[in-house]
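Engineer: Provided below are the primary sequence and the corresponding predicted coordinates.
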Amino acid sequence: MLEITNLVKRYGRNDPVLKGLNLSVDGSSVVSIVGASGAGKSTMLRCINRLVEPTSGSIKLNGHELVNLRGSELRHSRRRIGMVFQGFNLIDRLTVMENVLSGRLGYVSFFQALTRRFPQTDIDRAFNLMERVGIAHYANKRADQLSGGERQRVAVVRALMQEPEILLADEPTASLDPKTSQQIMSLLQTLASEMSLPVLINIHNVTQARMYTDRIVGMRHGQMIFDGAPKDFNQDALDAIYGGIESPEEDGGEPQHQTAQEALA
Amino acid sequence: MTPVRTATDASSGRVWKKPPFIANPWVRYGLVAITLVYLYWAFSTLPFNWERIAEGLPRALRIFGGAFPPSFERAGLLWTGFKESFQIAFLSTLLGVFLSVPIAVMAARNVAPLPVYLLGRTIIIVSRSFHPVIVAILFVAAVGFGPLAGILTLTLYSIGFVAKLLAEEIEEIDWGQVEAMRSVGAGYLKMLVYGVFPQIMPRQIGLSMYQLDSNLRASAVVGIVGAGGIGGTLMNAFGRYDYDFALAILLMIIGIILVSEGISGWVRKKVW
């Protein structure tokens, strides 16, 4: 159970990126967070595992307050929060197995980490999870030799190695081709239900958000403006979230409506 | 088939020129003028004694003539000198590279807090500010003639160079990998071992090989001021007008540098 109340994040003296955000996620639901670039999706996710320091507000994971934790308390809480990134963020020059085992860094001693002497239970768990997502035969390959989809699987396994209580995914499919990104989304969906793990996914692809998640949260200008089931996420909601925002990828300012439909496609 | 060109293409009349490197014309031509004035001033005021130079040229020829053919007769002396140079170079490279890792971490702004960063930068600046020959003179005065002074000198020299470049490499790493390690709950040291060191590893090995090269060369130089190695032998050969033996030493140095450059290039390509 994740409870975010009145979360504010302000960088320097600028306008806050998050303006009193409230969100609660329970059980094993897969929640997608949609919104234009700069809406604060990424900042919100990073506030949860404190890669970004929240300015004020409260974030509770299973009743445990995460804001204001320091030192080893913070690291112990981070162990329980898995994160998957857009750029995979694997240690490119290490093997797949080392990458997967690095998910246990919060649990092992420094000497074990340095000499790669991880406990047998961790190694068993690593092989089981790698088999589950189909990358076990790559165990001794260098991570940078894998394709994008395979790398994201490694990243997912690394996060699951933490025995997380929640999984955060920051645009996990944005660097992947359409087919691979569907595979990763459906993998996240099935893993969530298998392990009864709540998953928060920042995503730009609204179609995939509808297909693979149980709940959609729409953000704009640091505030939540939609929260509901995928079936309720209609054209009005889409316009409210993306409307009136020029998308820089397009040549010149496209009419608002078209931009919104682009996001639907 | 040639591409079809329409009338509008041909008559567009638009030209393009690369924008100048320095946009302001006053600055651009001013710099050229200043350079020319400086060169004229420098050459007209520096005391070049052309007659003395003309006199010296035949003498230089005689000296170099005396160096041919190089003499490898005193191979024993050659061998002891080079052996000591090798020992100095290897030991100081090992020590220097080993010590430069923590100093590089200290001197990288993205992984070190400000006071530590300043301390790390200070260590690097101090060890870089003097040429090895000056450092060698100081160490010879402190610990006496011989290889120990050479080892200390070149260790300091290695720290200055390797730690500086390594610190810059750390400042340019992919921060995402560090974030990933922070997000799994790794502490500072584990973050360094997993998130930082693998990224700088090829550079580290390349720098170590380069530094070994450089220390071999430098060990010949610091020997001249009494810090052990082949430099001392070379100095003695010059002092006794044994130009043929001196040339033999110089040829050996060239040969060794060539070989070590080849090896280090090969290793650097392998580890990338």
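Structural biologist: Yes, it's here.

Engineer: can you pull the contacts of A:Glu53?
Structural biologist: With contact taken as CB atoms under 8 Å, 6 or more residues apart in numbering or on different chains, A:Glu53 is in contact with A:9, A:47. Heads up, the C-betas are built off the backbone N, CA and C, glycines and all.

Engineer: give me the element it is part of.
Structural biologist: Here A:Glu53 sits in a region with no helix or strand, counting by DSSP states H and E.

Engineer: pLDDT score for it?
Structural biologist: For A:Glu53, the model assigns a pLDDT of 89.

Engineer: cool, the one 4 residues further on as well?
Structural biologist: The predicted structure scores A:Gly57 at 87 on the pLDDT scale.

Engineer: next one: B:Ile224
Structural biologist: So B:Ile224 comes in at 81 (pLDDT).

Engineer: just the helices in the stretch 151-272 of chain B please.
Structural biologist: Taking DSSP state H, counting those that start in this stretch as the test, the helices found in the stretch 151-272 of chain B are B:164-171, B:175-183, B:188-191, B:197-224, B:230-239, B:243-271.

Engineer: dump those into CSV; add distance to A:Asn202 as well.
Structural biologist: Formatted as CSV, these follow (distance: least, CB to CB, whole Å):
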stretch, distance to A:Asn202
helix B:164-171, 28
helix B:175-183, 14
helix B:188-191, 24
helix B:197-224, 26
helix B:230-239, 63
helix B:243-271, 37
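
Engineer: please spell out which residues along the longest helix along chain A are buried.
Structural biologist: Taking DSSP state H as the criterion, chain A has its longest helix at helix A:178-194. Neighbour counts over helix A:178-194 (16 or more other CB atoms under 10 Å in any protein chain shown) mark A:180-185, A:187-189, A:191-192 as buried.

Engineer: sorry, back to before: can I get the helices of the stretch 151-272 of chain B in CSV with mean neighbour count and distance to chain A?
Structural biologist: Shown next, in CSV, are the helices of the stretch 151-272 of chain B (neighbours: other CB atoms under 10 Å in any protein chain shown; distance: least, CB to the nearest CB, whole Å):
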stretch, mean neighbour count, distance to chain A
helix B:164-171, 20, 13
helix B:175-183, 22, 4
helix B:188-191, 17, 5
helix B:197-224, 22, 4
helix B:230-239, 20, 38
helix B:243-271, 16, 10
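
Engineer: rewinding a little: which strands or helices does the longest helix of chain A pack on?
Structural biologist: Helices and strands touching helix A:178-194, as assessed by 3 or more CB pairs under 8 Å, 6 or more residues apart in numbering or on different chains; DSSP states H and E, comprise strand A:30-34, helix A:148-161, strand A:166-170, strand A:199-202, helix A:206-212.

Engineer: try it again at 10 Å.
Structural biologist: strand A:30-34, helix A:120-133, helix A:148-161, strand A:166-170, strand A:199-202, helix A:206-212 (3 or more CB pairs under 10 Å, 6 or more residues apart in numbering or on different chains; DSSP states H and E).

Engineer: how far is that helix from where the chain is centred?
Structural biologist: In this view, helix A:178-194 has its centroid 13 Å away from the chain centroid, taken as CA atoms, centre = their mean, to the nearest Å.

Engineer: restrict that helix to CA atoms and write it as PDB.
Structural biologist: Taking C-alpha atoms only, helix A:178-194 is exported to PDB below (Å, rounded to 0.1, in the frame of the first residue of the first chain):
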ATOM      1  CA  PRO A 178       6.600  -1.200 -30.500                       C
ATOM      2  CA  LYS A 179       6.600  -5.000 -30.400                       C
ATOM      3  CA  THR A 180       9.200  -5.300 -27.700                       C
ATOM      4  CA  SER A 181       7.500  -2.600 -25.700                       C
ATOM      5  CA  GLN A 182       4.300  -4.500 -25.700                       C
ATOM      6  CA  GLN A 183       6.200  -7.600 -24.500                       C
ATOM      7  CA  ILE A 184       7.700  -5.600 -21.700                       C
ATOM      8  CA  MET A 185       4.400  -4.100 -20.700                       C
ATOM      9  CA  SER A 186       2.700  -7.500 -20.600                       C
ATOM     10  CA  LEU A 187       5.600  -8.900 -18.700                       C
ATOM     11  CA  LEU A 188       5.200  -6.200 -16.100                       C
ATOM     12  CA  GLN A 189       1.500  -6.900 -16.000                       C
ATOM     13  CA  THR A 190       1.800 -10.700 -15.400                       C
ATOM     14  CA  LEU A 191       4.700 -10.300 -12.900                       C
ATOM     15  CA  ALA A 192       2.600  -7.900 -10.900                       C
ATOM     16  CA  SER A 193      -0.300 -10.400 -10.600                       C
ATOM     17  CA  GLU A 194       2.000 -13.400 -10.100                       C
END
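
Engineer: and the angle from it to helix A:120-133?
Structural biologist: Put simply, helix A:178-194 runs at 130 degrees to helix A:120-133, going by axes from the mean of the first three to the mean of the last three CA atoms, to 10 degrees.

Engineer: state the phi and psi torsions of the residue nearest to A:Ala240 when sequence neighbours are not counted.
Structural biologist: Sequence neighbours aside, A:Ile225 is the residue nearest to A:Ala240 in space, at 5.6 Å (criterion: CB to CB, 6 or more residues apart in numbering or on different chains). Dihedral pair for A:Ile225: phi -120, psi 0, per degrees, to the nearest 10.

Engineer: fine by me, thanks again.
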